[in-house]
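> Build the 3D model from these lines:
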Amino acid sequence: YPPQSVAPYICPRAANKTFKVRQYSAYSVNASQLTDAKVLIFVETLYSKLGKQIIQIIDALKIHRKVETVSRNLPLLTTAKRGRYSLIIFENYYKYLNLPLWNRQLLDKYCYEYNVGIISFVASRSNDYKRVQVKNSKLTFTQKQRAKNLRFTSDSKILYLAKVGAVLEYPVPDNDDWVLFDIKGFSSFLSADDVNGIERAAVIFDDGKMDKIKRILFGHNFTYWINKIAFVDSLRYLSKGLIDISLNRYIQIDIDDIFVGSSGTRITRVDADALLASQNAFRRKIENFTYCLGFSGFYFRNGDPLEDEGDERLIELGKNFIWFPHMWRHNHANEYNETYLKAVMAQNKFFAQGMGLSTASHYAVSPQHAGVYPVHEALYNAWRAIWNISVTSTEEYPHFRPASNRRGFIHMNISVLPRQTCGLYTHTQFFHSYPGGFSKLISNIEGGDLFFTILLNEFSIFMTHQQNYANDRLAIFTFERVVDFIYCWTNLRLLWMEPLQMAQAYFQKFPSEKMPVWSNPCNDPRQSRILPSSYNCAEMPLPNLFLVGPQKTGSTALATYLAIHPNFTTNDPISYSYEELQFFGGANYGRGISCATYFDNVDAPRTIASLIPKAAIVIILMDPADRAYSWYQHMRAHNDSLALTYSLNDILFANTSSPVAMRKFRSRCISPGRYVHHLEHWLEYFPPSQIYLVDGDGLRKNPASALKDLVASLHQPEFSFEEFLYFDEKKGFFCLSINGTRKCLGSSKGRKYDAMGTRLRTQLNGIFREDNIALHRFLIRNDLMVPNWLSRQLSHF
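Numbering: from 1, shown residues only. This is a model prediction of the structure:
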């Protein structure tokens with residue numbers, strides 16, 4: 001039967017109107033000099049629908065963010081003299097308006113001084129007042145409204161992705177729950193007509209004429225897709241360029257399972273011709289577009305006579321497409337060893353050579369993405385040996401859901417790019433039997449998941465299947481329609497490039513993704529099904545407690561003392577150092593060898609949380625002045641040339657005119673003691689309930705008491721540490737005595753050196769003064785232990 005014909009998408013342009021769009025720059029100031037490229041999001045709850053949608057968009061755009069619920073305390077807004085956030089988002093604008101006076105003043109002062117804007121959402125409230133004026137503002141709005149004729153405003157400064165000219169006549173669902181703003185004195189970004197035909201703003205821009213704070217307010221949530229486009233443009237505009245969003249979108253469409261499938265589901269000769277025709281049509285809208293066909297040669301000519309003709313026609317047209325190997329018999333790589341994988345790959349290669357197919361793309365896809373992630377190294381080795389593969393893709397890294405978190409990585413010199421779904425699978429072949437009906441397919445395309453996948457991702461590799469190009473050819477319909485929809489509503493430019501070029505461009509744009517962040521596949525049902533057969537989830541001796549430092553605070557001593565408790569065991573020491581094996585920080589993460597202390601390592605919280613999300617994190621807090629002095633003496637003992645040449649006082653006065661090595665030394669001396677900055681980073685990945693603080697001063701003076709407190713907080717059985725600890729006068733610190741055998745830490749631990757001078761201590765206290773004040777506030781706000789040394793410090797300020 002011929003495929004069902006469906007009318008193409010018609011862009012609802014405004015009748016008899018022409019638009020002259022003014023070009024504005026979002027980069028009004030050099031924001032990078034003032035703030036970090038990070039967004040602070042205040043949500044109603046961690047489970048609210050709109051809050052989760054905001055976070056998903058932020059994550060898809062790969063924007064750094066911190067999420068808070070509105071409470072009596074604000075998070076730390078600055079570090080030294082630099083703002084921590086370039087943009088603030090409130091899920092509920094009323095929560096911002098009704099902040100406690102002190103918090104509101106503090107937040108507004110931050111926004112004013114650091115030129116930070118606010119995005120928020122105003123919902124219709126359940127009261128009798130329809131017309132409302134925002135307190136301390138000239139802004140008025142009407143709630144419980146029905147909106148129609150939504151369109152982007154041609155003279156808006158915010159316009160970037162959003163295209164002017166199209167009109168959404170009746171948004172679906174057509175409810176009377178909009179908030180529509182009066183435009184006078186403000187600027188409309190997204191306009192709508194109310195029931196009386198009067199133009200109002202559905203999204204309004206307050207340029208801060210009254211209080212110098214720029215705000216963009218939405219009159220509805222993301223139930224309406226058009227608001228999501230407005231939201232992305234708002235992010236870009238108010239971030240002043242720190243949030244970098246390109247207009248280019250690179251699209252690759254993979255067709256898996258070529259030659260695979262039961263009779264009745266496969267491509268025929270006319271389908272093959274239609275495939276080439278659609279490629280030529282796409283090239284008028286997607287620059288250089290070419291389909292990528294993944295083949296399993298074993299199944300060639302394995303259908304009915306019409307389908308066998310289709311297979312042959314694909315071979316005849318082969319030079320028009322990119323071809324990639326998809327395993328000889330659609331084999332699942334995780335089920336086989338390297339020798340077998342090489343053998344079946346060789347068979348597929350012989351098939352391609354015999355059919356004259358060009359397979360020089362250096363791209364491959366594993367059936368069901370098995371072996372790509374979780375990694376089956378036999379697959380990577382076989383790919384390199386037989387096909388010289390450099391690029392693959394998967395939807396499983398780091399997890400299948402949420403799709404907004406999919407990322408890329410490089411392993412064994414093979415680039416792994418994120419792969420996306422498009423709402424089509426092997427069983428979706430006819431319009432009449434599409435799951436959820438034809439309307440579900442259309443909603444996925446027109447402002448749905450497929451549209452926003454392209455909008456939010458500069459690079460998109462879509463998974464389709466041979467079956468989607470047979471029968472009703474749903475894939476051709478789907479992508480033709482979404483491309484037309486994109487050009488109707490956005491200014492995006494659609495392009496295509498070969499897989500190897502896409503991988504190079506992807507990791508040039510996102511270099512931080514090159515190193516994979518390992519997770520535990522045994523905790524993911526989808527990933528556990530595609531684990532290599534040799535992988536045994538029952539034998540995974542992963543740690544569940546981490547002593548993360550910082551350096552020179554007594555972490556080695558704490559680990560040694562804890563190890564005598566029957567419920568604790570530590571990692572084995574490494575042969576060439578007394579230091580602990582460290583796996584989760586820096587480039588050595590990929591090799592599993594020692595690299596740096598975890599506490600102030602930017603990668604450690606993320607990598608630990610990914611693999612062991614329920615881990616207990618133990619942090620020792622000692623007076624940062626004492627820690628800095630101890631570290632300096634440690635470097636002198638290791639014959640560091642700077643430490644031997646300069647006094648600590650000289651190093652502390654290092655400035656921009658000082659040698660680079662001296663400035664780096666000063667930073668390494670001071671930075672770990674800026675506790676709040678690093679604690680905030682750990683709390684982005686672990687809840688306060690998994691953070692355990694130890695008073696470094698108490699650990700040094702009375703370790704048995706500190707250990708008892710820690711063991712109790714970890715809900716472990718009591719243990720008489722005092723029976724095994726004694727103070728060694730010669731060493732100057734506590735050692736162990738077990739069964740008459742005394743054991744002390746090595747000579748590199750607990751060195752004796754001259755006491756810190758009063759002048760130097762005063763100088764260090766001054767350096768850490770603001771940090772210690774911030775630390776106290778932070779600990780109180782998060783209901784964490786306040787060490788005694790900090791209380792003493794603050795009493796002298």
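> in the stretch 151-300 of the chain, which spans are helices?
With DSSP state H, counting those that start in this stretch as the criterion, the stretch 151-300 of the chain has helices at 225-238, 269-282.
> deepest of these, which one?
Mean neighbours per residue, mean count of other CB atoms under 10 Å, is largest over those for helix 225-238, with a mean of 23. C-betas here are computed from N, CA, C, even on glycine.
> and that helix, what does it pack onto?
Packed against helix 225-238 by the contact rule (3 or more CB pairs under 8 Å, 6 or more residues apart in numbering; DSSP states H and E) you find helix 49-60, strand 117-121, strand 187-193, strand 199-206, strand 215-218, helix 449-456.
> Buried deepest among the ones you listed, which one?
For the helices and strands packed on helix 225-238, average neighbour numbers computed from mean count of other CB under 10 Å are highest in strand 215-218, which has a mean of 26.
> Throw the helices and strands packed on helix 225-238 into a markdown table and include mean pLDDT, thanks.
What follows is these, written out as a markdown table (pLDDT from 0 to 100):
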| stretch | mean pLDDT |
| --- | --- |
| helix 49-60 | 98 |
| strand 117-121 | 98 |
| strand 187-193 | 98 |
| strand 199-206 | 98 |
| strand 215-218 | 98 |
| helix 449-456 | 98 |
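> Among the helices of the stretch 151-300 of the chain, which comes closest to residue 752?
Closest to residue 752 of the helices of the stretch 151-300 of the chain, according to CB to CB: helix 225-238, at 55.5 Å.
> Residue 500: what's it in contact with?
361, 362, 363, 390, 391 (CB atoms under 8 Å, 6 or more residues apart in numbering).
> Please apply the same query to residue 542.
Applying CB under 8 Å, 6+ apart, we find residue 542 in contact with 520, 611, 612.
> which ones among those residues are found in helices?
residue 611 (DSSP state H).
> mind listing what the nearest residue in space to residue 45 that is not next to it in sequence touches?
Among residues not flanking residue 45 along the chain, residue 69 sits closest, at 6.3 Å (CB to CB, 6 or more residues apart in numbering). Residue 69 is in contact with 42, 43, 44, 45, 46, counting by CB under 8 Å, 6+ apart.
> Can you lay out those residues as TSV showing pLDDT, neighbour count and distance to residue 553?
Shown next, in TSV, are the contacts of residue 69 (pLDDT from 0 to 100; neighbours: other CB atoms under 10 Å; distance: CB to CB, whole Å):
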residue	pLDDT	neighbour count	distance to residue 553
42	98	25	34
43	97	21	35
44	94	15	39
45	93	11	36
46	90	11	32
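> Just to be sure, which of those are found in strands?
Counted as lying in strands by DSSP state E, out of those, are 42, 43.
> got the contacts of residue 69 as JSON lines, with distance to residue 544 columns?
Below are these laid out as JSON lines (distance: CB to CB, whole Å):
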{"residue": "42", "distance to residue 544": "32"}
{"residue": "43", "distance to residue 544": "30"}
{"residue": "44", "distance to residue 544": "33"}
{"residue": "45", "distance to residue 544": "29"}
{"residue": "46", "distance to residue 544": "24"}
